[in-house]
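Participant: Take this sequence and fold it.
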Amino acid sequence: MSIYELPKFGQPQKEPNKDLQPKIPETQPIEEGVPTIDINQQSYPFPVKTAARTGGAKEEAVMPGSVTGEPIAGQPAAGETGKRSASSLIGLALALAIFSGLAGGAFSGYYFYSKIKHEMGLNSGLGQTTVIQQQGTSTSTTVFQDSRETKIINTVKENSPSVVSITVSKNMPVYQYTDPFQYFFNDPFGGSPVVPQIQGYEMQPIGEGSGFIVSEDGLILTNKHVVDQAGAQYTVVTSDKKEYTAKILATDPVQDIAILKVDGTGFRPVNLGNSSDLQIGQTVIAIGNALGEFPNTVSTGVVSGLARSITASSGSQSQTSEKLDNVIQTDAAINAGNSGGPLLNISGEVIGMNTAIAVQGQGIGFALPIDLAKRDIDQVKKDGKISYPFLGIQYTLVNSEIAKKNGLSVDYGALITKNSGSASSAVVAGSPASKAGLKEGDVVLDFNGEKITEDNTLSKIISKYLPGDNVALKVLRAGKEISVGVTLGEYAQSK
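Facilitator: Next up is the predicted model:
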């Protein structure tokens, strides 16, 4: 937290004799918190006159009414009146000049301080001012908290109760040596090591993840790879340490998304934002169960990139691997155990779900756009399942390099071709694409009037539709454009 403490100026170097100083009204502070200069604490450039005369020889002060013929002590001699008057005028002028300079400096300080406050947003209510009064003294400290920091703190306070930790437990074997000394010595003659024997099974934690509540009745959003263990049990722990047994309600067949359900009501859901209008450089906040040990860990960063395509693999026993398109890149610290946690904007809205990290990089994490998850949540609430429209082709996105390599007349679209290492054909038998007459080597140029490009992929476009929708495709075949009508099939959820 940034703390700015305003210094105090104009401290006296040595307190003068107050009885011999002219009485000048105290200068009131222009504004609380603005440093001022007390002119009563400054030394003066002109001498303060006393009753005794000065001279080269030792002189004696004479009381009024003396018959010595000397001037009365403290009164000027006849020839000194003009000199004293001129000296007084010069002193007065100097005093006025000093006072004017101080007044001008105070006004300038007030003006520029007001400008600084305006630039920092302190006058607009975006910043917070905290005044700390020390007990028994009049000393106060002014602390400024900038608007960005305030928003981050408020976002964390608002959303932390909605972020949960997910523990994955499974019935695992318990091993034990039949002879306790075998564990320490094994075979002293270098024979085969002694293998411990299975003595039974017990439920043990085998994984950790994160999630966040999306409905008052206990719907929880997380990553599919967090809950991909067959036969496992899942326990949800809220920020107030309450534990709930969760069941998998649905998993997304395409995206790394799963929806869990816990029994209960009155849960506090997050506020879902929009991921379609994100900007590179905007502030984001990640919350999650870092390393499976530190629940509700907060990290901040920025959106580092948009519409990234990555191939992510799971570290679980299933060793699942999948290609993720259109993901958000961020430099907010994301660690193992953060998977499934929310990525929020500075207004407190969830704009992504933390999903993957670059193992060999630093500060390179990825999150699924929340718009993908919102579609799944709506489907589960309506139909109790997650399904996608199904076309049934394998393809490669066309760019200038692919176009040149394959002799194409266009540098965009989706070229129907079998993926490397795939055993199935480029057009799946019995699929909607097969029924519509699509062939390997065709280039799908647009989908229902929407152009297919590397930035606007076919999978991104088709995700906007539902099974059973009728769409029109513009296809390039043997150098000629044709139109093809397709009724989309259904790709159901996986378990």
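Participant: Could you look up the next helix or strand downstream of the helix or strand encompassing Phe212?
Facilitator: Here Phe212 sits within strand 197-213, counting by DSSP states H and E. Next helix or strand after strand 197-213 toward the C-terminus (DSSP H and E): strand 219-222.
Participant: Tell me the strands beside that next one, with direction?
Facilitator: strand 197-213 (antiparallel), strand 258-261 (antiparallel) (DSSP bridges).
Participant: re earlier: what mean pLDDT would you report for the strand holding Phe212?
Facilitator: Averaging pLDDT along strand 197-213 gives 87.
Participant: Make CSV from the strands paired with strand 219-222 and add distance to Val410 to it.
Facilitator: For every residue, glycine as well, the C-beta is placed using N, CA and C. CSV is the format used below for the strands paired with strand 219-222 (distance: least, Cβ to Cβ, whole Å):
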stretch, distance to Val410
strand 197-213, 43
strand 258-261, 38
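Participant: Pick the most deeply packed of these.
Facilitator: Mean neighbours per residue, mean count of other Cβ atoms under 10 Å, is largest over the strands paired with strand 219-222 for strand 258-261, with a mean of 24.
Participant: And the following helix or strand past it, what does it pack against?
Facilitator: Proceeding N to C from strand 258-261, the next assigned helix or strand is strand 283-290, under DSSP H and E. Applying 3 or more Cβ pairs under 8 Å, 6 or more residues apart in numbering; DSSP states H and E, we find strand 283-290 packed against helix 147-159, strand 163-176, strand 197-213, strand 294-313, strand 342-345, strand 350-357.
Participant: List the contacts of stretch 437-456.
Facilitator: 307, 393, 395, 397-399, 408, 410, 412-418, 425-427, 458, 461-462, 465, 471-477, 481, 484 (Cβ atoms under 8 Å, 6 or more residues apart in numbering).
Participant: try it again with 7 Å
Facilitator: 307, 393, 397-399, 408, 410, 412-417, 426-427, 458, 461-462, 471-477, 484 (Cβ atoms under 7 Å, 6 or more residues apart in numbering).
Participant: ok, and for stretch 374-394, which residues are buried?
Facilitator: 374-377, 379-380, 386-394 (16 or more other Cβ atoms under 10 Å).
Participant: How many residues are close by Asp228?
Facilitator: 22 (other Cβ atoms under 10 Å).
Participant: actually Thr487, not the one I wrote
Facilitator: Neighbour tally, Thr487, other Cβ under 10 Å: 13.
Participant: what bridges to it?
Facilitator: Applying DSSP bridges, one finds that Thr487 bridges with Asn470.
Participant: Surely it and Pro432 touch.
Facilitator: Yes - here Thr487 lies in contact with Pro432, judged by Cβ atoms under 7 Å, at a distance of 5.9 Å.
Participant: mind checking the SS state of Ile334?
Facilitator: coil (DSSP: H, G, I helix; E, B strand; the rest coil).
Participant: how much space between the residue lying closest to it once chain neighbours are set aside and Thr283?
Facilitator: Spatial nearest neighbour of Ile334, excluding adjacent residues (Cβ to Cβ, 6 or more residues apart in numbering): Gly365 at 3.5 Å. Relative to Thr283, Gly365 is positioned 15 Å away (Cβ to Cβ, to the nearest Å).
Participant: Check what pLDDT Ser424 gets.
Facilitator: 77.
Participant: now the spatially closest residue to Ser276 that is not a sequence neighbour, what's its secondary structure?
Facilitator: Counting by Cβ to Cβ, 6+ apart, Asp371 is the residue found nearest to Ser276 once chain neighbours are left out, at 5.9 Å. Assigned with three-state DSSP, Asp371 falls in the helix class.
Participant: doesn't Leu278 make contact with Asp371?
Facilitator: No - assessed by Cβ under 7 Å, Asp371 is found out of contact with Leu278, at 10.1 Å.
Participant: In terms of neighbours, single out the busier of those two.
Facilitator: More crowded of Asp371 and Leu278, by other Cβ under 10 Å: Leu278, with 19 against 16.
Participant: give the contact list for the more buried one.
Facilitator: 303, 306, 328, 351.
Participant: Any of those residues buried? List them.
Facilitator: 303, 328, 351.
Participant: For Val236, state which of these is nearest.
Facilitator: Nearest to Val236 out of the buried ones among the contacts of Leu278 is Ile351 (Cβ to Cβ; 22.7 Å).
Participant: Now do the contacts for the closest one.
Facilitator: With Cβ under 7 Å, 6+ apart, Ile351 has these contacts: 273, 275, 278, 343-345, 370.
Participant: at 10 Å what do you get?
Facilitator: Contact analysis of Ile351 by Cβ atoms under 10 Å, 6 or more residues apart in numbering lists 272-278, 282, 284-285, 303, 328, 342-345, 367, 369-371.
Participant: try Thr355
Facilitator: Applying Cβ under 10 Å, 6+ apart to Thr355 gives the contacts 223-226, 255-257, 310, 312, 324, 327-328, 334, 338-341, 343, 365-368.
Participant: Apply the buried test to those and list what passes.
Facilitator: For the contacts of Thr355, buried by 16+ other Cβ under 10 Å: 223-226, 255-257, 312, 324, 327-328, 334, 338-341, 343, 365-368.
Participant: Can you pull out the low-pLDDT segments for the stretch 101-250 of the chain?
Facilitator: In the predicted model, the stretch 101-250 of the chain carries pLDDT under 70 at residues 106-146, 177-194.
Participant: and the one helix or strand Leu324 maps to with strand 294-313, angle?
Facilitator: For Leu324, the host element (DSSP H and E) is strand 321-330. Angle, strand 321-330 to strand 294-313, by axes from the mean of the first three to the mean of the last three Cα atoms, to 10 degrees: 130 degrees.
Participant: Using CSV, write out every CA atom in strand 321-330.
Facilitator: Extracted C-alpha coordinates of strand 321-330, given in CSV (Å, rounded to 0.1, in the frame of the first residue of the first chain):
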residue,chain,number,x,y,z
SER,A,321,-4.7,-32.9,-23.0
GLU,A,322,-6.8,-30.5,-25.1
LYS,A,323,-6.5,-27.4,-27.3
LEU,A,324,-8.0,-24.2,-25.9
ASP,A,325,-8.8,-21.3,-28.2
ASN,A,326,-9.5,-17.7,-27.5
VAL,A,327,-8.1,-17.7,-24.0
ILE,A,328,-7.0,-14.7,-22.0
GLN,A,329,-3.3,-14.3,-21.2
THR,A,330,-2.4,-12.6,-17.9
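Participant: mean confidence score for that strand?
Facilitator: Averaged across strand 321-330, the pLDDT comes to 84.
Participant: what's the answer for stretch 362-372, then?
Facilitator: Per-residue scores along stretch 362-372 average to 92.
Participant: What is the end-to-end distance of it?
Facilitator: Start and end residues of stretch 362-372 are separated by 26 Å (Cα to Cα, to the nearest Å).
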